[in-house]
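Colleague: Quick one: sequence and predicted model below, then my questions.
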Amino acid sequence: NYTIKLKAYGCNNTVDSIIKTSYIQINLPPNPTASGTSICQNQNAILSASGSGQIAWYATSTAVTPLSIGNTYTTPNLSSNTTYYVVNQLTNTPVSGGIPSNTATGTGGGFLNNPAHYLIFDVVQPCVLVSVNVYAQSAQTRTFELRNSSNVVLASWVFTLNAGLNTLNLNHNLSLGTSYQLGLNSASTGSLYRTNSGVSYPYNISGGINITGSSAGSGFYYWFYNWVVQKAPCKSNAVPVTVTVNPVGTATVTASSNQVCVGGSPVNLSANPAGGTFSGTSVSGNQFIVPSVPGTYTVSYLPSNSCTSPGQTTIQVHPLPNVSASASQTFVCTTDAPVTLSGTPSGGIFSGPGVTGNTFNPGIGAGTYTLTYAYTDANTCSNTANIQIVVNSCLGLINFEQTESVILSPNPFEHLITISNQTSLPLTLNVYDACGKIIYNEIIPSFKIKHIQTSEWSKGIYLFEWKTNDKIHHTKCVKE
């Protein structure tokens, strides 16, 4: 719909106007029905469309000259995705105009050999100049030209004419413009008929063309009789139709990482061309879920088109390194010297409270501390091991192996250790392993001796602690 405005200028510079909203309505034909297709690389495609009128195929949405007319169009061989445009158009009937023949206005005229003359015309609506008639004096080849108002050649045609009436099929699209020239090439043979009586300009043809005169003035009409003109069709919107070109060859499969570690994040998968299906052990959709078992895994890909062969890639899943850690002591007092930490394989990093490099400082305070040793191998796979160290404040403790009241022997020991309580009070005995866990507990009566079998104990350092009513005593013993 178009809105128009009429503006009128009157006397004394008065101006008046009127606006008509949606006054002019232009109805386009309905769009055609069409769909794209898929082909393999370097093949052609057969496209089809349907509509209420004539179907025309174009290379671009603004092209004037169609590639083909008809419900189907066969493309050339294509190497990449290509979009064509199809239009549903209602055609106009060709109309004849101008002077119909060389005798229509009487007998005035004759053959003229001068090729310099031409007819002048305006194009007021886009149209096609389908054909014109000429009358030749002799059978010869002639070159005809369409020129603009500046005498620039827009199109030319070479025809071999017979003597007498000849129809020139031009089928040339004409766009809006004035003072077009239709004539002969200046070097061409002439000897064509022209009329010089009964000429009456302008000659309007189908509302699309006005023949307004000739190069020799209004009394002459040169060469071209019975113009057949077809106004441009009424076109629908251009509908895009895409040919998808699938590559020929083997699909390329890409993983976000081809070297991963057990327990790692899922690996993203992609492929070219896209749209196919991945498969294989531990494959889920477009991801490879890293399994717990090390090894080499194959990911396969089946393209969605038949032009491309399946592809694959491999993903190497590396095991985590075996990591262990130890400490020179795991049960210490806050006043003890720093504890030396060791990790295997070497080259890792210790972390945790009180850790500096490869040592732990018990002076951090009493408590149970978990220290971590982290190691990364050449495959960038990482693992950790933990050590637990118990730090005691040891306040009020008396360190000894033998006092006047309690005797502990031997130290170091192997299969048997003896505790002699020579006090008048019962003695509560606790034995701690290196992790701070109580492995032995017993009350030894006053003036009694206790023999403890230690065959099942692991080699290492043990803390012996005994309590009386008012004090706590402890000492460290070593089993060999």
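Modeller: Here it is on my side, so go on.

Colleague: alpha carbons only for contacts and neighbour counts from here, please
Modeller: Noted.

Colleague: Where in the protein is the helix or strand with the lowest mean pLDDT?
Modeller: Counting by mean pLDDT, DSSP states H and E, the chain has its least confident helix or strand at strand 397-399, which shows a mean of 39.

Colleague: Moving C-terminal from that one, which element do we reach first?
Modeller: Note on strand 397-399: by DSSP states H and E, the next helix or strand toward the C-terminus is strand 406-409.

Colleague: name the helices or strands packed onto that next one?
Modeller: Packing contacts for strand 406-409, counted by 3 or more Cα pairs under 8 Å, 6 or more residues apart in numbering; DSSP states H and E, involve strand 416-421.

Colleague: mean confidence score for the strand it packs on?
Modeller: What strand 416-421 shows for mean pLDDT is 89.

Colleague: Next, the angle strand 416-421 makes with the next helix or strand along the chain from it.
Modeller: Following strand 416-421 in sequence order, the next helix or strand is strand 427-432 (DSSP H and E). For strand 427-432 against strand 416-421, the angle by axes from the mean of the first three to the mean of the last three Cα atoms, to 10 degrees is 150 degrees.

Colleague: Can you give the distance of strand 427-432 from its chain's centre?
Modeller: 72 Å (Cα atoms, centre = their mean, to the nearest Å).

Colleague: Can you give me the buried ones in the helix or strand that it is followed by?
Modeller: Following strand 427-432 in sequence order, the next helix or strand is strand 438-444 (DSSP H and E). By neighbour count with 16 or more other Cα atoms under 10 Å, strand 438-444 contains the buried residues I444.

Colleague: got the residue ranges for the helices in the stretch 201-350 of the chain?
Modeller: Here the stretch 201-350 of the chain has no helices by DSSP state H, counting those that start in this stretch.

Colleague: who are the neighbours in contact with the closest residue to T376 other than its chain neighbours?
Modeller: Here the nearest residue to T376 in space, its sequence neighbours aside, is S382; by Cα to Cα, 6 or more residues apart in numbering that works out to 4.2 Å. S382 makes contact with L320, P321, A374, Y375, T376, according to Cα atoms under 8 Å, 6 or more residues apart in numbering.

Colleague: Of those residues, which pair is most distant in space?
Modeller: L320 and A374 (11.5 Å; Cα to Cα).

Colleague: Could you pull out the residues contacting both of the two?
Modeller: S382, N383.

Colleague: re earlier: ok, so of the contacts of S382, who is nearest I452?
Modeller: A374 (39.6 Å).

Colleague: Point out where this protein drops to low pLDDT.
Modeller: By pLDDT under 70, the low-scoring segments of the chain are 1, 12-13, 394-404, 470.

Colleague: hmm, back to that, in TSV, list the contacts of S382 along with neighbour count.
Modeller: As requested, the contacts of S382 are exported to TSV (neighbours: other Cα atoms under 10 Å):
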residue	neighbour count
L320	20
P321	19
A374	21
Y375	24
T376	17
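
Colleague: Can you lay out these as JSON lines showing distance to N268?
Modeller: Shown next, in JSON lines, are the contacts of S382 (distance: Cα to Cα, whole Å):
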{"residue": "L320", "distance to N268": "21"}
{"residue": "P321", "distance to N268": "24"}
{"residue": "A374", "distance to N268": "27"}
{"residue": "Y375", "distance to N268": "26"}
{"residue": "T376", "distance to N268": "23"}
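
Colleague: What is the nearest of those residues to N71?
Modeller: L320 (65.2 Å).

Colleague: what sits against the closest one?
Modeller: Here L320 is in contact with C261, V262, C381, S382, N383 (Cα under 8 Å, 6+ apart).

Colleague: How about N386, nearest residue that isn't a chain neighbour?
Modeller: T372 (4.5 Å).

Colleague: what about the one you found, neighbour count?
Modeller: T372: 20 surrounding residues under other Cα atoms under 10 Å.

Colleague: What helix or strand is I4 located in?
Modeller: strand 2-9.

Colleague: Summarise which helices and strands the helix or strand just after that strand is packed against.
Modeller: Going down the chain from strand 2-9, the next helix or strand is strand 15-24, by DSSP H and E. In terms of contacts (3+ Cα pairs under 8 Å, 6+ apart), strand 15-24 is packed against strand 2-9.
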